[in-house]
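# model this:
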Amino acid sequence: MSASAPASGRPWSGLWHLADPKISITSAAAMLVGVAVAVHEGHFAPGWLAVTALALFGMEVAKNAWGEVVDFDSGTDLAVAPEDRTDFSGGKRVLVDRLLTRGQTWAIAAVFGGVGVGLGAWIVFGREPAVLWLGLVGLVLGWSYHGPPLRLCYRGLGELDVVLCYGPLIVLSVYWIQAGPGRVDVLWLAVPLGLLIAAFLWVNEFPDHRADAAAGKRNLVVRLGPHRASRVLPWLHAAAYAVLVAAPFVARLPSAAWFGLLAVPFSVYACVQTWRAPFDFYRRRPVQPASLLAFCVYALGSGLGVLLA
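Numbering: from 1, shown residues only. Reported below is the predicted structural model:
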């Protein structure tokens, strides 16, 4: 199938797939933690928060778009068997299902990426110059997850990329935009976010592992194999909550951040079901949504806990 073949006449459906609210919510959840610490200290700039949210949304859509082209070209999205397709894995499939052409997909990446970069520049020059370096690192990592020359998710480094982007980079950027640079101990709440979103990515790699392996996409689940990867998953979750428990002791953060521990039941469910059936849990159990809920509930719990402290 050619990605340049005529689309099915559903470009808005394709754009919706790339925007993918259930995934884009991860950026919003990470933002909550950063802004909660700022508000706890008496800093709140709602206008700049809105600009930050729009910038992140633009980059999220752009990343999904260029990732679709790379995964289509490598063959991994085409190789996913029908019985292994889920709402959370297998790509956005806008090229596979002919919702968009290659040109339309690249155009969406360019437009939304341009909006994200433009709004980021506005933040740097109009609000906080110190976030320039955070933004540049985020831009490089966002492109390099799929894009050449690094293609991190094809080399077993995509999970680390996600830990950094959806934890420290977003939380620290949002906090600095709201409160100014200087404080970095907010990272004690950001690192668990990164670990939990990496755990979500981890379970999403199981349904695709056969297609990824055939296409040379050597992420960690492919490298370890589903059985061993299912034994690593609980350590990701455990590490996240261990950092959260330590946070009030080693940083100037209220113990009310421990409300993030409300996410533990979702993590336990995801780990147990993956452990029991590493090769096909996704066909019978809602492990992927449970893992996403663990991330979101952690962000809501720790963020609201800090706000209410």
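
# Send me stretch 195-209 as PDB with only the CA atoms.
What follows is the C-alpha trace of stretch 195-209 in PDB, where atoms were taken according to Å, rounded to 0.1, in the frame of the first residue of the first chain:
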ATOM      1  CA  LEU A 195       8.200   6.400  35.000                       C
ATOM      2  CA  LEU A 196       4.500   5.900  34.900                       C
ATOM      3  CA  ILE A 197       4.100   7.100  31.400                       C
ATOM      4  CA  ALA A 198       7.000   4.900  30.400                       C
ATOM      5  CA  ALA A 199       5.100   2.000  32.000                       C
ATOM      6  CA  PHE A 200       2.000   2.900  29.900                       C
ATOM      7  CA  LEU A 201       4.200   2.900  26.800                       C
ATOM      8  CA  TRP A 202       5.600  -0.400  27.900                       C
ATOM      9  CA  VAL A 203       2.200  -2.200  28.000                       C
ATOM     10  CA  ASN A 204       1.400  -0.600  24.600                       C
ATOM     11  CA  GLU A 205       4.400  -2.300  23.100                       C
ATOM     12  CA  PHE A 206       3.200  -5.800  23.900                       C
ATOM     13  CA  PRO A 207       0.400  -6.000  21.200                       C
ATOM     14  CA  ASP A 208       2.900  -4.700  18.600                       C
ATOM     15  CA  HIS A 209       5.900  -6.700  19.500                       C
END
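
# any idea how far that stretch is from the chain center?
Relative to its chain's centre, stretch 195-209 lies at 10 Å (Cα atoms, centre = their mean, to the nearest Å).

# The chain should start at 854 in everything you say after this.
From this message on, residue numbering opens at 854, which makes the last subject stretch 1048-1062.

# Low-confidence stretches in the chain?
Scanning the chain with the threshold set as pLDDT under 70 gives 854-863.

# which helix is the longest one in it?
In the chain, assigned by DSSP state H, the helix with the most residues is helix 899-927.

# Report the buried residues of the following helix or strand past that helix.
The helix or strand immediately downstream of helix 899-927 is helix 955-979, counting by DSSP states H and E. Within helix 955-979, the residues that count as buried by 16 or more other Cβ atoms under 10 Å are 955, 957-959, 961-962, 965-966, 968-970, 972-973, 976-977. (C-beta placed from N, C-alpha, C; glycine too.)

# From the contact counts, what lies against the longest helix of the chain?
helix 864-872, helix 874-893, helix 955-979, helix 984-999, helix 1023-1032 (3 or more Cβ pairs under 8 Å, 6 or more residues apart in numbering; DSSP states H and E).

# Asp1038: neighbour count?
13 (other Cβ atoms under 10 Å).

# ok, now which ones touch it?
Val1103, Ala1104, Arg1105, Leu1106 (Cβ atoms under 8 Å, 6 or more residues apart in numbering).

# Name the nearest residue to the second one, sequence neighbours excluded.
By that I understand Ala1104. Asp1038 (3.6 Å; Cβ to Cβ, 6 or more residues apart in numbering).

# What strand or helix carries that neighbour?
Using DSSP H and E, no helix or strand contains Asp1038.

# Spatially nearest residue to Leu1161 (excluding sequence neighbours)?
Ala1109 is the one closest to Leu1161 (Cβ to Cβ, 6+ apart), at 6.1 Å.

# same check, this time on Val1159
Closest residue in space to Val1159, ignoring its immediate chain neighbours: Ala889 at 4.4 Å, by Cβ to Cβ, 6+ apart.

# so the one you found sits right up against Gly1156, yeah?
Yes. Judged on Cβ atoms under 8 Å, Ala889 makes contact with Gly1156 at a distance of 3.9 Å.

# what's the distance between Ser880 and Leu985?
19 Å (Cβ to Cβ, to the nearest Å).

# Same drill for these two, tell me which one is more crowded.
Ser880 (21 against 14).

# For the more buried one, list the residues it contacts.
Ala906, Leu909, Phe910, Glu913, Tyr1019, Ile1023.

# Who wins on neighbours among the residues you listed?
Going by other Cβ under 10 Å, Ile1023 tops the contacts of Ser880 with 27 neighbours.

# how many neighbours does Ala1104 have?
16.

# Also the one 3 residues further on?
Using other Cβ under 10 Å, Pro1107 has 17 other residues around it.

# Next up, the contacts around the closest residue to it other than its chain neighbours.
Distances taken as Cβ to Cβ, 6+ apart place Ala1162 nearest to Pro1107, at 3.4 Å, with adjacent residues excluded. Taking Cβ under 8 Å, 6+ apart, we find Ala1162 in contact with His893, Pro1107, Ser1108, Ala1109, Ala1110.

# export those residues to JSON lines and tack on distance to Tyr1028?
Listed next are the contacts of Ala1162 as JSON lines, based on distance: Cβ to Cβ, whole Å:
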{"residue": "His893", "distance to Tyr1028": "10"}
{"residue": "Pro1107", "distance to Tyr1028": "15"}
{"residue": "Ser1108", "distance to Tyr1028": "19"}
{"residue": "Ala1109", "distance to Tyr1028": "17"}
{"residue": "Ala1110", "distance to Tyr1028": "14"}
